[in-house]
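Q: Take a look and give me a structure for this.
(chains A, B, C and D)
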Protein chains: 2
Amino acid sequence: MPATIRDVARASGVHISTVSRTFSAPHLVNPETRVRVLACAEDLGYRPNRAARALITGRTHNIGLIVADIANPFFPPLIKAAEGQARHRDYHVFVADTNEDPVAEEDLVHALAKQVDGVLLCSPRMSNSLIEQVSREVPVVVINRQVAGLPCVMMDVGQGARAAIEHLLGLGHRRIALLGGPRGSWTAREMRRAATAAARGGGAELTILGPNQPTETGGGALAEQVRRSGVTAVLAYNDLMAIGLIEGLDAIGARVPHDVSVVGVDDIALSRLTRPKLTTVATPTAAAGRTAVDMLLQLDSDAPRGARGRGPAAGDRRTTAQVMLQTELVVRDSTGPVPAPGRDGTGA
Amino acid sequence: MPATIRDVARASGVHISTVSRTFSAPHLVNPETRVRVLACAEDLGYRPNRAARALITGRTHNIGLIVADIANPFFPPLIKAAEGQARHRDYHVFVADTNEDPVAEEDLVHALAKQVDGVLLCSPRMSNSLIEQVSREVPVVVINRQVAGLPCVMMDVGQGARAAIEHLLGLGHRRIALLGGPRGSWTAREMRRAATAAARGGGAELTILGPNQPTETGGGALAEQVRRSGVTAVLAYNDLMAIGLIEGLDAIGARVPHDVSVVGVDDIALSRLTRPKLTTVATPTAAAGRTAVDMLLQLDSDAPRGARGRGPAAGDRRTTAQVMLQTELVVRDSTGPVPAPGRDGTGA
DNA sequence: CAGTCGGCTGCAAAGGTTTGCAGCCGAAGA
DNA sequence: TCTTCGGCTGCAAACCTTTGCAGCCGACTG
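A: The predicted model follows:
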């Protein structure tokens, strides 16, 4: 039923190769012929079959986007931006969700490999060595993680954490907790390192709680512990945890920011809607998505993996860009001056 | 570089057709041969090329999922569920975002058509007739809209709206506003119809405000109008609008639920996190995603669009299931008894 | 011993497209 | 008039797989 190149050729009285060229190399065909062919194609509703094209050109014009959890509000803006950018360049995007499972992640890359020109690995849970390994099978751009020798786009959460800690120091806080993220998270490590340094530099004591589930529940579960620890401020791994924590604290009678100040990370849409509005480190997720797509597409417009193309030549280590995107502290209502000493936040 | 079926054939000393059968019809090949082939395949890291396979079988094992706005918190759970279900059945999912643009929507279907076995049209903005038209090009399942003759999965927002209105009536409200959704939305129409009927049945007066942008901003913009209209309760098109409205009301000094009760629709994750927690009509979005995928896959396992398959035979109107999923009113903190008469909500 | 049958495998066409190569035609140059 | 050349177009191979058909072989039946 769907019109093929052959139908168009027959209808317009030319050879199929001419039709092909009309679409893929218009300058090689006589303008008159071209318009005729285009007219017939339009008429028949012909659209080149990308699968067949991919078979011979070696490019599918598809990319894969693998994330840990689509429903985590951090990802949708990134997915949206990446998809938009990709389509703008005439690429389609497979989106896949690993449910935070490193094994699923690896399987997914393999399953997708033959069907895409490259894969965006977003906040991967795999080990670095595994990432390097799969990157030999299909071009990869890593988001939210640094992997030596591979193109990466990261957000400077280190700087963000520092800014957050300094903000808290400025408000007089000297006992601060860091709610750690999930095990194996590059972001979590970076935050810890930067926060520790900043706290030390400011003469504050930093308590690290975690690793934890990077969810609202994960944050809520820590309320008791935060309360008991006697800290007056908290930097959470992400907004979800921060919000969960605020809920949890509220449930046990500690008010934010009066008794405890809380800072999140990501600036998800939600953080503007909770009460109190969340002070947070804004990460440029949309920009990250766009940048990563650009890098991936750049990457494989360089690499001619034509039909008979062999693997990367020896010494072919491409210039693997690593981009660090800036973050920004957004001060809202969940942080305030340190409570007067002697009060323990019980409100008594 | 990637191993082809030929490499495996050579390595295991059989013809390529035997290798092919080893994967696609194992029972046709001698067990001994089979294990040998499988071993070689494993060895060479061979994976069948789905594009080449699609070329001849006519099935891509891909589906398309088209949504209006990935970043709208209503969609991610649906996307996640659909993707999970699809992958569970060995299908991959293209996700595309139309930015609420009907034209982009149509283009997208066409662009994807050749590359997928079917498309999920989620809360489409196209006209019904256009949907029918594109459905002749590629199998389609429509989510959140009823289109005659096409498989659809809908959520019973009518019932939900009724339940919400009755809940408000039960609290004593007699002047209620409905914040309408975007123009052309089936859901918006259903809600309006059901809400009107329910209000009339309960002897209440229903004011309809809209159509509106189905966003937080859209809701916030209506705060003034709601306040002036003198209603004591509001049913919003969705949670985002409800939350925006609550924010807006708060900004002009009207408290929820003390002065005005607000009900949303969707029960997005966010609605549990705002203060006050939102009373809302929960829609089974994940179930909708899964169901739609099942229907789509069922659909084209019926239709043998084999290599030489022609279009649907005359009188081939398949039994096009239309599924209506139940909704449920979740009562939280944004609704309360009608304010004492004589007070106008100014707090005076 | 001839014939039949079943299980397994090989053969080759087909699916829709791209692309290097060769050929055609007309025009320009000698 | 004969070459040369450039601009278009046709030819056919190639990409990787599936699948109907036919062939092979050994065993069983009569």
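Q: So which residue is smack in the middle of chain A?
A: For chain A, the residue whose C-alpha lies nearest the mean C-alpha position (C-alpha atoms, centre = their mean) is residue A:122; its distance is 4.5 Å.
Q: Can you name the residues of chain A that neighbour DNA strand D?
A: Residues of chain A lying near DNA strand D by C-beta under 7 Å from any atom of the strand: A:13-18, A:21, A:28-33, A:52, A:55-56, A:307-308. For every residue, glycine as well, the C-beta is placed using N, CA and C.
Q: so where do the strands sit in chain A?
A: Using DSSP state E, the strands of chain A run over A:62-67, A:92-97, A:119-122, A:140-143, A:152-155, A:175-179, A:205-209, A:233-236, A:261-266, A:279-282, A:322-325, A:328-330.
Q: hmm, who's touching the third one?
A: Going back to what we said before, that points to strand A:119-122. For strand A:119-122, contacts defined as C-beta atoms under 8 Å, 6 or more residues apart in numbering or on different chains pick out A:63-68, A:75, A:78, A:82, A:105, A:109, A:112-113, A:131, A:138-145, A:289, A:292-293, A:296.
Q: go on, the fourth one?
A: Applying C-beta under 8 Å, 6+ apart, the external contacts of strand A:140-143 come out as A:78, A:109, A:118-124, A:131, A:134, A:150-154, A:288-289, A:292, A:295-296, A:299.
Q: before we move on, back to that, so the residue nearest to the centre of chain A versus residue A:69, what's the distance?
A: Per C-beta to C-beta, to the nearest Å, residue A:122 is found 10 Å from residue A:69.
Q: who touches both of these two?
A: Contact criterion C-beta under 8 Å, 6+ apart; residues shared by residue A:122 and residue A:69: residue A:75.
Q: which residues touch residue A:282?
A: Neighbouring residues of residue A:282 by C-beta under 8 Å, 6+ apart: A:266-267, A:327-330.
Q: which helices and strands does the longest helix along chain A pack with?
A: If you go by DSSP state H, chain A has its longest helix at helix A:285-302. Packing partners of helix A:285-302 (3 or more C-beta pairs under 8 Å, 6 or more residues apart in numbering or on different chains; DSSP states H and E): strand A:62-67, helix A:75-88, strand A:119-122, strand A:140-143, strand A:152-155, strand A:322-325.
Q: So what touches the fifth one?
A: This means strand A:152-155. Outside strand A:152-155, the residues that touch it by C-beta under 8 Å, 6+ apart are A:141-146, A:186-187, A:283-285, A:288, A:291-292, A:295, A:322-327.
Q: Now, of those residues, which are buried?
A: By neighbour count, with 16 or more other C-beta atoms under 10 Å in any protein chain shown, these hold A:141-145, A:186-187, A:283-285, A:288, A:291-292, A:295, A:323, A:327 as buried.
Q: now, which of those residues sits nearest DNA strand D?
A: residue A:141 (24.2 Å; C-beta to the nearest atom of the strand).
Q: pLDDT score assigned to the closest one?
A: On pLDDT, residue A:141 comes in at 97.
Q: Please report how far residue A:243 lies from DNA strand D.
A: Separation of residue A:243 from DNA strand D (C-beta to the nearest atom of the strand, to the nearest Å): 48 Å.
Q: Residues of chain A that sit close to DNA strand C?
A: So chain A meets DNA strand C at A:4-6, A:16-17, A:20-21, A:23-25, A:46-49, A:52-53, A:55-57 (C-beta under 7 Å from any atom of the strand).
Q: Report the contact partners of residue A:139.
A: Counting by C-beta under 8 Å, 6+ apart, residue A:139 has contacts A:117-119, A:296, A:299-300, A:303.
Q: next one: residue A:79
A: Neighbouring residues of residue A:79 by C-beta under 8 Å, 6+ apart: A:65, A:67, A:70, A:95, A:289, B:70, B:95.
Q: Equivalent analysis for residue A:335, please.
A: Applying C-beta under 8 Å, 6+ apart, the residues contacting residue A:335 are A:167-168, A:171, A:233, A:257, A:261-263, A:279.
Q: In those residues, which residue is surrounded by the most others?
A: Tallying neighbours with other C-beta atoms under 10 Å in any protein chain shown puts residue A:263 at the head of these, with 31 neighbours.
Q: Retrieve the pLDDT associated with the closest residue to residue A:322 other than its chain neighbours.
A: Nearest residue to residue A:322, sequence neighbours excluded (C-beta to C-beta, 6 or more residues apart in numbering or on different chains): residue A:152, at 4.7 Å. In the predicted model, residue A:152 carries a pLDDT score of 97.
Q: Please enumerate the helices of the stretch 1-150 of chain A.
A: Ranges of helices in the stretch 1-150 of chain A, per DSSP state H, counting those that start in this stretch, are A:5-12, A:16-24, A:31-44, A:50-57, A:75-88, A:102-113, A:128-134.
Q: ok, and what's touching the shortest one?
A: By C-beta under 8 Å, 6+ apart, the list of residues contacting helix A:128-134 from outside reads A:102, A:106, A:109-110, A:113, A:121, A:124, A:126, A:140, A:142, A:145, A:147-150.
Q: between those, which is nearest DNA strand C?
A: Closest approach between the contacts of helix A:128-134 and DNA strand C, by C-beta to the nearest atom of the strand: residue A:113, at 18.6 Å.
Q: can I assume the closest one is in contact with residue B:48?
A: No. If you go by C-beta atoms under 8 Å, residue A:113 and residue B:48 don't touch, sitting 11.8 Å apart.
Q: Of those two, which one has the most company?
A: Higher neighbour count among residue A:113 and residue B:48: residue A:113, with 19 against 16, using other C-beta under 10 Å.
Q: What sits closest to that one if chain neighbours are left out?
A: For residue A:113, the spatially nearest residue (C-beta to C-beta, 6+ apart) is residue A:138, at 4.2 Å.
Q: where's the closest residue to residue A:188 other than its chain neighbours relative to residue B:164, distance?
A: Once flanking residues are discounted, residue A:188 sits nearest to residue A:181: 3.3 Å by C-beta to C-beta, 6+ apart. Using C-beta to C-beta, we find residue A:181 at a distance of 38 Å from residue B:164.
Q: Give me the more crowded residue out of the two.
A: Shown here are residue A:181 and residue B:164; by other C-beta under 10 Å, residue B:164 has more neighbours (30 against 27).
Q: so who does the nearest residue to the more buried one once chain neighbours are set aside touch?
A: Once flanking residues are discounted, residue B:164 sits nearest to residue B:263: 4.6 Å by C-beta to C-beta, 6+ apart. Going by C-beta under 8 Å, 6+ apart, residue B:263 touches B:164, B:167-168, B:233-236, B:242, B:278-281, B:334-335.
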